[in-house]
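> Here's my sequence, what's the structure:
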Amino acid sequence: MGSSFTEFRGKGFWSRDGLLEAWLRILSLHMEDEVHQPGWQHDLRDQWLLQSAGYFGGCISASLDSFVTDNERVAVILRVSERSLQSLRAFGPYVPSAFLNALGLNPFGADVPIEWFERIAECFTALLRGELTTDASTSPVLPDIEQL
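Numbering: from 1, shown residues only. Modelled structure (predicted):
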């Protein structure tokens with residue numbers, strides 16, 4: 001499984017492609033009502049749906065610098081991230097592979113520990129808040145390879 005770097009304002013984190021694709025797909029499904037009208041949320045949702053389609057192994061881009069251009073947009077995506085994580089936590093300790101596969105993602109052969117999504121969500125929100133200090137050369141790849 002490849003990995004991709006999620007970047008925002010010069011900082012970021014590496015994550016396994018399958019998990020990043022799932023995270024972006026789930027984020028796109030939890031966008032706010034404005035996603036149904038022309039505008040940045042609609043365009044970002046379409047970008048995330050494309051990036052999560054399994055075609056960009058090793059080069060998946062959340063396009064945060066292109067779409068999340070001010071504090072109001074950061075706040076919107078932070079809310080979307082929280083809703084997304086809460087929906088995954090509702091499954092309990094594991095997110096069922098059947099659920100992830102039903103999203104049209106590259107097939108997951110096993111249920112995924114919620115901790116893996118929590119770690120990606122933690123880095124994603126810290127990145128948006130400007131609290132993440134890692135860059136492409138200092139970030140580990142999530143989840144830690146020893147967990148796979």
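
> Can you list the buried residues in the biggest helix by length in the chain?
As assigned by DSSP state H, the longest helix anywhere in the chain is helix 71-89. Neighbour counts over helix 71-89 (16 or more other Cβ atoms under 10 Å) mark 73, 74, 76, 77, 80, 81, 83, 84, 85, 88 as buried. For the C-beta atoms, the positions are set from N, CA and C on the backbone; glycine is no exception.

> so what's the closest residue to residue 126 other than its chain neighbours up against?
Closest residue to residue 126 apart from its sequence neighbours, by Cβ to Cβ, 6 or more residues apart in numbering: residue 132 at 4.2 Å. By Cβ atoms under 8 Å, 6 or more residues apart in numbering, the contact set of residue 132 is 11, 12, 13, 123, 126.

> can you rerun that using 7 Å?
Contact analysis of residue 132 by Cβ atoms under 7 Å, 6 or more residues apart in numbering lists 11, 13, 123, 126.
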